[in-house]
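Colleague: no sequence on hand, only this structure:
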């Protein structure tokens, strides 16, 4: 077995951890660009962060114009603000969109690239220091070296990778997730679960990613049928598990489900976590039919792959109606996605069509 | 639950990983001080490292005068060589002694301290870049922020802690452990197992440390009765598990067993891993009597605490003969050790005496 493991982010976990441990932000710089959406004002995360920065004597500029699935224009706007404000580190506050935007801003403000080159990889692993405060329990972006952005030209979502995108710090405080609407709680939990499943089914899985993914699935799966009634402890557990899944995909990457789900988000505006969940059941059935080893997943969940697929199917019901020809177009578009070949059950083009069609109740 | 997690070391695992991934050493500096003992010349680790450094065009100076349980004079000698050679990073190659010496050299060459201040803590978290190549499967030092040294003045072993002691890189190649003598294989495996057990029984245990410690114990324990016949795969598994246990104690620290074992090493010259193992069975029995939760450990090992204690007892038999008054002196000396209070079963002074006495077959 040959593998590497790295996850250099320092995780600080616990209720009120930003206020209690805000001094950890001190070494990051003198002026923070805070990259966030609108919800961080409601859930208290932004206030906690501003308090901590002010206690440290650090300046802060807020960039709160991050929209879901941010594209390059959003990143350029953030970089312009960062430069005009003279910020020297970046804090992402929110779900995957603000955190991924924060990462791209921190990277592209150091390594300038034209739009055409942003997704061409080979970054010099140099970025402004990053800290993250997730306010949903799903993305895991706070502990990964990826930033997923909308690529308008390529008509999809694509990821940027650099070791420099690992944040220095991640503050995990479950209280920011307490008042999340049920839909967001569900979609983000399904995103985390999908990370764990996809990591386990990745050709790039390692002993570390398996350990982390199994533990994450073990925690998240029993919550899936009861996400409408969560205690504070449950919220904390889900936030912890979403970071475990993030640490897993930081090693193994995601696989076919994420690769195919991007089309659903880009063209149909379906939330990212839901997009994965819509495809996950059929992907699992295909993996089982093709003889993929599902024992770790089944062991973690305490149910068979079919039972897991049925559980997810139930959660995403009723499904969107998408016509056959649109789904076949998505299948064709997904063909070049690199994540597909990273699945141990590597779906053929025909099998990709099957996943798309069956996921929306259409015979293949 | 409030906790932090950090383990920034990049781990590269696999046979021939130093030669295959030597380029990773390039960013560390221009001139390496290699800190090692004598065995690294026999097991091939030193050759592999010198090859990698030379391929990178990096200079190397070898400091091979590290003795078991190094003290401050050894560290001073290493620093003098580092300075005269103009080395700007440090690579530790060997078991715990060379790795811990390498760490202390990298730290104390940046933050100069007199002998009396070395163990007083509060380091500025700044050290020369470090890489580690363990050649035993036990210490876990390659993934911890600790350096354990002999404190001649205090007549014990003591640890230095600094976040800067986390190595940048750890190369884990099981081939260096293939030809280890059975005694070293056994003592180091017992050290790793003791790390896992102590971490699980630490007041400072976290969800991460528990996950790592359980997995480590799960791997190591079944090997304990058959350490004399290990395949290459077995060696790899043990090396992986020893790093998992290291990552666990990087979070939780060690507890009473290590705290008490230092006396056995300092005064009786008993190997570190064996010293822990000699005390571990009685510590487990005490923990069970005091109602400590041993379910994770028992679950990982698939046996009861008493069965685990008996397994270890068998491995360390026959035990050294140490007179009662000497053991009582060790108990008195250990009283100030900070690790004792970190155990969930916090042994009282009387109970520390009991552990020492019963561990050497003397009624308390």
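Modeller: Noted; the coordinates are in hand. Here the structure is a predicted model, which is why all the values come from computation and not from measurement. Residues are numbered from 1 along each chain as shown, chains lettered A, B, ... in the order given.
Colleague: so what's the spatially most central residue of chain A closest to, chain neighbours aside?
Modeller: Among the residues of chain A, the one closest to the centroid is residue A:139, at 2.8 Å (Cα atoms, centre = their mean). Counting by Cβ to Cβ, 6 or more residues apart in numbering or on different chains, residue A:139 lies nearest to residue A:96, which is 3.4 Å off, once chain neighbours are set aside. The way it works is simple: take the backbone N, C-alpha and C, and place the C-beta from them, glycine included.
Colleague: residue A:86 now?
Modeller: With sequence-adjacent residues excluded and distances taken as Cβ to Cβ, 6+ apart, residue A:86 is closest to residue A:31, at 5.7 Å.
Colleague: quick one, what contacts the one you found?
Modeller: For residue A:31, the residues meeting the contact criterion (Cβ atoms under 8 Å, 6 or more residues apart in numbering or on different chains) are A:58, A:59, A:60, A:61, A:85, A:86, A:87, A:88, A:89.
Colleague: what's the answer for residue A:101, then?
Modeller: Contacts were defined as Cβ under 8 Å, 6+ apart; by that measure residue A:101 touches A:35, A:66, A:70, A:74, A:75, A:78, A:92, A:147, A:149.
Colleague: what about the residue of chain A positioned farthest from its centre, which SS state?
Modeller: Most distant residue from the mean C-alpha position of chain A: residue A:57, 31.6 Å away (Cα atoms, centre = their mean). Assigned by DSSP: H, G, I helix; E, B strand; the rest coil, the conformation of residue A:57 is coil.
Colleague: next, give phi and psi for it.
Modeller: In this entry, residue A:57 is assigned phi and psi values of phi 70, psi 30 (degrees, to the nearest 10).
Colleague: and the gap between the residue nearest to the centre of chain A and residue B:328?
Modeller: For residue A:139, the distance to residue B:328 (Cβ to Cβ, to the nearest Å) stands at 57 Å.
Colleague: same question, residue A:217
Modeller: Shown here: residue A:217 relative to residue B:328, a distance of 51 Å by Cβ to Cβ.
Colleague: which of the two has more neighbours?
Modeller: With other Cβ atoms under 10 Å in any protein chain shown as the criterion, residue A:217 and residue B:328 differ in neighbour count, and residue A:217 comes out ahead with 29 against 16.
Colleague: elements contacting the helix or strand encompassing that one?
Modeller: Counting by DSSP states H and E, the element that carries residue A:217 is helix A:207-220. Of the remaining helices and strands, those touching helix A:207-220 by 3 or more Cβ pairs under 8 Å, 6 or more residues apart in numbering or on different chains; DSSP states H and E are strand A:3-13, helix A:182-200, helix A:232-252, helix A:295-301, helix B:207-220.
Colleague: would you list these in TSV and tack on mean pLDDT?
Modeller: Written out in TSV, the entries for these read as follows (pLDDT from 0 to 100):
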stretch	mean pLDDT
strand A:3-13	98
helix A:182-200	98
helix A:232-252	98
helix A:295-301	98
helix B:207-220	98
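Colleague: looking at those, which is nearest to residue A:271?
Modeller: Nearest of the helices and strands packed on helix A:207-220 to residue A:271, taken as Cβ to Cβ: helix A:182-200 at 4.8 Å.
Colleague: and that closest one, what does it pack onto?
Modeller: With contacts taken as 3+ Cβ pairs under 8 Å, 6+ apart, helix A:182-200 sits against helix A:207-220, helix A:232-252, helix A:256-268, helix A:272-289, helix A:295-301, helix A:305-316.
Colleague: gap between residue A:3 and residue A:121?
Modeller: As judged by Cβ to Cβ, residue A:3 and residue A:121 stand 21 Å apart.
Colleague: when the two are compared, which one has more neighbours?
Modeller: Under the criterion of other Cβ under 10 Å, the comparison of residue A:3 against residue A:121 puts residue A:3 first, with 19 against 10.
Colleague: what does chain A put close to chain B?
Modeller: Contact residues (Cβ under 8 Å from any Cβ of the partner chain) of chain A with chain B: A:1-15, A:17, A:20-21, A:207-208, A:211-212, A:215, A:236, A:240.
Colleague: the residue nearest to residue A:86 bridge partners, please.
Modeller: residue A:59 (DSSP bridges).
Colleague: repeat for residue A:131
Modeller: When bridges are taken as DSSP bridges, the partners of residue A:131 come out as residue A:91, residue A:169.
Colleague: what number of residues lie near it?
Modeller: Using other Cβ under 10 Å, residue A:131 has 29 neighbouring residues.
Colleague: got the contact list for it?
Modeller: In this structure, residue A:131 makes contact with A:25, A:28, A:89, A:90, A:91, A:92, A:167, A:168, A:169, A:170, A:171, judged by Cβ under 8 Å, 6+ apart.
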